[in-house]
Each structure stands twice: as structure tokens, then as C-alpha cells.
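Participant: 3D, please:
(2 chains)
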Amino acid sequence: MRQSLLTYTLSLGDNSMILGQRLGEWCGHGPILEVDMALTNISLDLFGQARSYMQYAAEVEGKDRTEDDMAFLRDAREFRNVLLVEQDNGDFAHTIVRQFFFDAYHQLFLKALCESADERLSAIAQKSLKEVNYHLRFSSEWTIRLGDGTEESHQRMQAAVEALWPYTGELCTSTALDIEMADLGIGVDVAELKAAYDQRIAEVLKEATLTIPESGWQQTGGKEGKHTEQLGFILTELQWMQRAYPGQKW
Amino acid sequence: MTSINDILETVKDPEVPVLSILDLGVVRGTEVNGDQVKVVITPTYTGCPAMDMIEANIRKALKVAGYQDITVETILSPPWTTDWLSEAGKEKLRAYGIAPPVGGSEDKSVLWAEDKVIPCPHCDSLETTKISEFGSTACKALYRCKSCLEPFDYFKCH
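Facilitator: Got it, this is the predicted structure:
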């Protein structure tokens, strides 16, 4: 049970941290200043959430590891984030679609996690939900603005929807760990979120004049530690300092 | 000895230095027992980079005041909202040029809600427009006044 709670808590931290790291790559490169600030603000929120989860994970584990060890000294196979969040930033359309696909899930997930019997996870969820509501509003508005924008922005958004769609199935597919945690009243059976998720996606994409791809293959594995090649590149950059100078502090 | 609240009043939000941490509403409780003191705080945003500095400044101020055994605990629940800002704090924000939050915190899960009217902190005009939902820090949005043409920060509802 302790091991399950540890892995589960880390998986939530990993989702936030990896997406936060991706958004941080936009710092100084945003299409306009306001968007640059928005993406990095969202990144900051996600890192704050990741920190809360990883602090808790370190306590649950009860060894001498800290939140920093969790972030900087685990290898790719130990990361349990969903595949969607590790995908390339691509162009701005890809970043926005990835964000929208994740935010829509994240909001539903956190609402459910607020009811967790684990007081700490419930507290993190309550706090994070307030931030994620803003994220979802931002990514929904940009999805609509660009989808229903110029011919070029529409094409780029449709291309991004098609490229990222195969990574959305994993969000609402429950693993054995999800079900174990849900049965204990601690976690969320994410399969139960699927109807609401599909509805939210359909609602916004329709407004954005974008077409949902005809189902097809859905990639899974991230939640079990089997990642796309992207994650290794992210961790190389994220963990570089601690790998090159072990124990370095500032 | 100076009261614990008088000491905490001297600890400012590093990003909005006109606000004390009491104005900001991040202090959830204090316990004093001789030269032992415990302060419970809560972050405004999970990623607020000022929290570590606030904690360090609380320790420093208490130490200077003579406390030896200082504990600072951070809790997340119930989550901070702009409702925790004191009325005095809101007035200080306005005087500092940051528009205070308008109305209470609400359900932001609603998409496409109408934007609220935010009065300009410089000239009180109601003719203002949102430039960006995300501003110079996590807790602020960016607005512009159409009357005096000045841009300003808005301490957004949360």
C-alpha cells in the first residue's frame, strides 16, 4: 500500500513536472510577450504542484530522499507521466492543443481527487484545481481563436489535433494502480472521467471548427514507465546539473 | 515583548512589498509558548517563488525579536483565495497601483464567462481592458486603462 501510494503520488507529480518543463522551453520564445508570460506562469504553477506531490512522495517513502531526489535522480523508466505531456512543443498550435487536451483532463481529475480519503492529496488537488481552471480557460480560448482563425492557423491546429490525438486515450484509461487506489478511496478511476472528457473536447473543438479524428490507434504505456523517446531528451536537460555535479546545491 | 502579530506585520510579501503577510492572508495561525513559537502559513499559488523567502523572513524577524525555537509550517488546505486578503490590504494594493480583486473568488471552471469590470487604480476609470490573463507574477493579470492610457496589474480573483 505504501509503495502503491508512493508510485501514484509520483505519477501525479511527473505529469505536472514534465509538462511544466516543456512549457518552460517557451521562455523567451513565445509568439508575443503576453503568451510568453502565460506559458511560463502555467509552467510555474505546474512546478509548484509537482513540488507538493514530490514532497509528499518523499515523506510517504520515509527514506532519506527529498523532493529534489525525486525530480533529478530518477531515470526515465521510473517516470509515470502520461505520454501526452512529454510530446514536443512543435509549433504554437501543437503546444496549445497539447495543453488543451491535458487541461481538460487535469481539471476533471483534480475535481475527483479533491474527494480523496488521503488528506494530503485532497489538499494538493483543492489548491491545484484553482490554478488549472485558469489554464483550461487559456488553452480553450486559444484553441478556439486559432482553430477558427486564419486558413493557416486552422490548418496548423488541425494538424496538431491529429498528431496528438493518439496520446489522449491514455488519459482516461485506468491502470491496475489507478483501480487499486480508487478502491481505497485515495485515487481516481480515470475511466469514469471519459464521458465528461469527450464532451468537453467535442464542445471546444466544434466551436474551434476543428474535426476530431476518426478514433484509430491510441498509444499507452507512460503510466507504466514505458515512454516515447521524447522523455529522455527532457530529462537530459532537466537533470543535467545533478548528473554532472552530484549533490550540487546553491 | 512585542506581540507576535506586530512582528509578523513587519514581514512583507517580497513581490508586493506594501503588503504584510497578514494583509495577504497567508498566515493561518500562531502559537506562542515562552520563547517557542510556531507560525502556520499557506501559499497563494503552489509555485509561488516567494514562499521560501517569506518563511526565511518570518524566522529572521522572530529571531530578532528574541524567539529561539521557531517552527514555520506550510499547509495547503483550505486553499488560499483572494477572499483572505484583508480590506486594509486591498486599499494598500490600490494605493500602490495594483487593482485589488473585484468581488469574491468564484467558480472559474465556467468557460467563456463575462469578464468583470476592473477600475483603473490610477484614475478610477471603468473603461479598462484586459491585455493578458497572466501578468508579472502568478497572482496578477495585466490590464490597460482606456482613459488615462496607463497599463496596470490586477490582483486576480483566485
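Participant: Can you give me the distance of the residue in chain B that chain A sits nearest to to B:S77?
Facilitator: Residue nearest to chain A within chain B: B:G47 (2.6 Å; CB to the nearest CB). Heads up, the C-betas are built off the backbone N, CA and C, glycines and all. Applying CB to CB, to the nearest Å, the value for B:G47 to B:S77 is 17 Å.
Participant: quick one, what contacts the residue of chain B closest to chain A?
Facilitator: Counting by CB atoms under 8 Å, 6 or more residues apart in numbering or on different chains, B:G47 makes contact with A:L44, A:D45, A:L46, A:F47, A:G48, A:Q49, A:R51, B:A138.
Participant: Contact partners for the residue in chain A that chain B sits nearest to?
Facilitator: As assessed by CB to the nearest CB, chain B sits closest to A:G48 within chain A, at 2.6 Å. A:G48 is in contact with A:E131, B:P43, B:Y45, B:T46, B:G47, B:C48, counting by CB under 8 Å, 6+ apart.
Participant: Specify the local secondary structure of B:K130.
Facilitator: With DSSP: H, G, I helix; E, B strand; the rest coil as the basis, B:K130 sits in strand.
Participant: which of the contacts of B:G47 has the most neighbours?
Facilitator: Within the contacts of B:G47, neighbour counts (other CB atoms under 10 Å in any protein chain shown) peak at A:L46, which reaches 30 neighbours.
Participant: any idea how far that one lies from B:C139?
Facilitator: Taking CB to CB as the measure, A:L46 falls 16 Å from B:C139.
Participant: Give the partner strands of the helix or strand encompassing B:V40 in its sheet and their orientations.
Facilitator: Per DSSP states H and E: B:V40 is located in strand B:36-41. Using DSSP bridges, the strands paired with strand B:36-41 are strand B:27-33 (antiparallel), strand B:69-74 (parallel).
Participant: Show residues contacting the last one.
Facilitator: Where contact means CB under 8 Å, 6+ apart, the residues beyond strand B:69-74 that reach it are B:35-43, B:51, B:55, B:58-59, B:62-63.
Participant: Try it again at 10 Å.
Facilitator: Strand B:69-74 is contacted from outside by A:52, A:55, B:26, B:28-29, B:31, B:33-43, B:51-52, B:54-56, B:58-63, using CB atoms under 10 Å, 6 or more residues apart in numbering or on different chains.
Participant: How about the first one?
Facilitator: Contacting residues not belonging to strand B:27-33 are listed as B:1, B:3-5, B:7-9, B:11, B:20-21, B:37-42, B:54, B:58, B:62, B:67, B:69, B:71, B:73-75, B:77-78, B:80, B:84 [CB under 10 Å, 6+ apart].
Participant: Stretch B:28-39: end-to-end distance?
Facilitator: Stretch B:28-39 has an end-to-end distance of 8 Å (criterion: CA to CA, to the nearest Å).
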